[in-house]
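# Quick one: sequence and predicted model below, then my questions.
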Amino acid sequence: MADLKVALCIPTYNRSEVVKEFVDNCANYYIQCFIDIFYLESFTDYKTERYIQSRVDGVHLFYTRIPSETRMDEKAFMIFQGYGLNGEYDFIWLCGDGVQYPPKGIEAILGNLNLHVDLAVIDHSNFSTSFKAEEIHTAQTLFSKCALPMVLYGAVLLNNRTMLKNVNWDAYTEKCLNHQYDTFAHVMFYWNRMLELPAFNGLCLTI
């Protein structure tokens, strides 16, 4: 786990109380698990910016302002392309600002992650199930098994060296970022990129 560099990328919009709750309750143990936290905010007020800037350390917690008219699907694609990041990471974790995993959950997720995994999906919909990590080696099987959690921000970690390298971003922008598919643009990206890889290694994590 300590050898992996993970960027938790959190798009947000005028939700200072939610952001404050996450930073106050979760940021320290995420960082202790070698996760850097990046907030990308489009906003019409300055509450979130003022709060995060008071906590930013320039080492593990960062803040980037983006135009207020930026749509959620556009934010996801900006993150996939490394917007706001200041270094190389093994995994990019797109996450909603209200998603909080407990310390044991973070340890379990990262403890089963490795550089051979192209895409890891976290399924936390069944709270009666004990933790389970299942390797899946076809895009079709992973998608059929994990389609629902993949919709959620916070459920997918992308290998930066396979899923996010050598991507034709112009083609993906034209294909996915339109009003017909904008709610699920990130899922369309996952699916098509999985199919483009010469060999696929997925991980389904049930917590």
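Everything's here; your move.

# Can you classify residue 199 as helix, strand or coil?
The assignment at residue 199 comes out as coil when based on DSSP: H, G, I helix; E, B strand; the rest coil.

# need the contact list for it.
Contacts for residue 199 (Cβ atoms under 8 Å, 6 or more residues apart in numbering) come out as residue 137. C-beta: built from backbone N, CA, C; applies to glycine.

# could you redo the last one with a cut-off of 7 Å?
Contact partners of residue 199, counting by Cβ atoms under 7 Å, 6 or more residues apart in numbering, are absent.

# pLDDT value on it, please?
Note on residue 199: pLDDT of 96.

# Residue 140 versus that one, what's the distance?
For residue 199, the distance to residue 140 (Cβ to Cβ, to the nearest Å) stands at 14 Å.

# which residues in this structure form helices?
16-25, 27-32, 47-55, 72-80, 103-111, 139-151, 169-176, 185-196 (DSSP state H).

# what pLDDT does the most centrally placed residue in the chain get?
When Cα atoms, centre = their mean is applied to the chain, the residue found nearest the centroid is residue 94 (1.7 Å). The model reports residue 94 with a pLDDT of 97.

# doesn't residue 140 make contact with residue 200?
No - contact criterion Cβ atoms under 7 Å: residue 200 and residue 140 do not qualify, at 9.4 Å.

# higher neighbour count, the two?
residue 200 (21 against 12; other Cβ atoms under 10 Å).

# what residues does stretch 155-169 touch?
Applying Cβ under 7 Å, 6+ apart, the contact partners of stretch 155-169 are 80-81, 89-94, 113, 117-122, 149-150, 190, 193, 197.
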